[in-house]
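Novice: Sequence isn't available, so here's the structure alone:
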RNA sequence: GGCGGCGUGGCCGAGUGGCUCAGGCAAGGGACUGCAAAUCCCUCUACGCGGGUUCGAUUCCCGCCGCCGCCUCCA
């Protein structure tokens, strides 16, 4: 799986990433040399995951690909939240899964299974590598209870009717991670929402099921029947698979303030570690703009929204690469279509080069290839600067001095990060071979006859008719060919 | 209100104190074609506004305007 034993390609010797905690670029220094653990906040599976959500899957995928290309042994954990994610922080808030079950009449388990599958399918359609571990919160209840007990034993919790809460006053660094002002937070007047909580920022570790209520998802615990709070699952599951300290934690910017702040508080309090996570990565949002309007009509923007418009999912992957992950990116169908056009051309040129050298990626002149290899990988080593990496791709495609061997050796190498599947791709511009459809062959022969007699009216009519059914006629010196559009 | 970010050519978007400052898409011109398509070549348009620092700012500083995000669940 990994590129063990390989030297990193030129430009990828020193990887720097933007750490949210330190608010600057920092060098990647794995806790265990040669190995990197990544924890990615995955979906809460009560609803479809939007294209915006998928952005926070795409950049960890790019990250893991880059790290593997660098010769590191990567363990990528992506969690599935199938319990405990509250609709609201107040005691009135309910579990999202439970609420979805009530709303749809399906069981929480059915809902979770369905949306988990949909999400995995969408990930694959965007060419994201399968996670190495895909832990589900509901499968890790004992770990979560154990962690709450540890926190309780160390005096970081208190119990109220509603459940067990983390006492942020017991963790000095609470405000540090997100640059919070706790006094300010206290003064903002959310007090009426927090009931018996000692501080507005205190958060649920375990929620008790009220007397007389029966939940679909509930477990016995030292604090009574109930379910775990949302934040505790990430601390518990990351520890289970990556240890009490690990290298990289990813998520969306929206998580910095609450979710990740709380994860840090729990984990550093329970394990007496600091920093718990070496590097925190957060992606900015996809800017939906006017598309938001359609969301209120009940249409959410998902991978299938693209497919319905005839846009292939991989176009969105290319679109994602066009902007830096820490920058908001303006979404529009037109922009993704444009990305799709660019990708189609990219694949075309890659396949032409690949065929020309019989698929052998080991050719290429070092004098011409190495500088470009360095440019590409050093762009990605610089906090995953995919837009800059793409410019190298186009330089490789357009560069007149490059041979097919140069091109394919470079593009095959680059595709380890890009993930467009260039080694297996078929040429999107390729013509369909004669003989594959007798009817089309017949029409083309008819058209050729018309062309020979310079009866272009007839010839063009035949071409137009074929175009109307999605068949594009392509004339070549060797005769006409065609392809479906 | 607090915190953070952003405003670049028709669109999406990199980047930089000066060196012809990306790349893609679109558009225009040319080659090729009977005409197209695809491909190739060429071209165009830029750094929100006002000050300041500087020999020189799109890039640094200040102010203003506009946009977005987080602060409640959210990727």
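Specialist: That came through fine. Since the structure is predicted, the reported quantities are computational estimates derived from the model, not experimental observations. Residues are numbered from 1 along each chain as shown, chains lettered A, B, ... in the order given.

Novice: Enumerate the residues of the stretch 201-350 of chain A near RNA strand B.
Specialist: If contact is defined as C-beta under 7 Å from any atom of the strand, the residues of the stretch 201-350 of chain A in contact with RNA strand B are A:230, A:251-259, A:283-288, A:319, A:322-324, A:327-330, A:332, A:334-335, A:337-339, A:341-342, A:345, A:348-349. Quick note: C-beta positions are derived from backbone N, CA and C, even for glycine.

Novice: Which ones among the residues you listed lie within strands?
Specialist: Taking DSSP state E, the ones among those that sit in strands are A:251-252, A:283, A:286-287, A:329-330.

Novice: before we move on, the earlier item: show the buried residues in the residues of the stretch 201-350 of chain A next to RNA strand B.
Specialist: When those are checked for burial by 16 or more other C-beta atoms under 10 Å, the buried set is A:230, A:251-252, A:255-256, A:258-259, A:283-284, A:286, A:288, A:319, A:323-324, A:329, A:337, A:339, A:342, A:348-349.

Novice: what kind of secondary structure is residue A:317 in?
Specialist: Secondary structure, DSSP: H, G, I helix; E, B strand; the rest coil: residue A:317 is helix.

Novice: Neighbours of it, how many?
Specialist: Counted with other C-beta atoms under 10 Å, the burial measure for residue A:317 works out to 22 neighbours.

Novice: Next up, the contacts around the closest residue to it other than its chain neighbours.
Specialist: Sequence neighbours aside, residue A:126 is the residue nearest to residue A:317 in space, at 5.1 Å (criterion: C-beta to C-beta, 6 or more residues apart in numbering). Residue A:126 makes contacts with A:54, A:57-58, A:61, A:303, A:313-314, A:316-317, as judged by C-beta atoms under 8 Å, 6 or more residues apart in numbering.

Novice: now swap in residue A:279 and tell me
Specialist: Taking C-beta under 8 Å, 6+ apart, we find residue A:279 in contact with A:17, A:19, A:26, A:28, A:247-249.

Novice: tell me the contacts of residue A:235?
Specialist: Applying C-beta under 8 Å, 6+ apart, one finds that residue A:235 lies in contact with A:147, A:263, A:266-267, A:270.

Novice: Please name the bridge partners of whichever residue of the stretch 201-350 of chain A sits closest to RNA strand B.
Specialist: The minimum distance from the stretch 201-350 of chain A to RNA strand B, using C-beta to the nearest atom of the strand, falls at residue A:252 (1.3 Å). Here residue A:252 shows beta-bridge partners residue A:283, assigned using DSSP bridges.

Novice: Surely it and residue A:286 touch.
Specialist: No - using C-beta atoms under 8 Å, residue A:252 makes no contact with residue A:286, being 9.9 Å away.

Novice: What ranges does the stretch 1-150 of chain A have for its helices?
Specialist: With DSSP state H, counting those that start in this stretch as the definition, the stretch 1-150 of chain A shows helices at residue ranges A:51-69, A:96-104, A:108-125, A:141-153.
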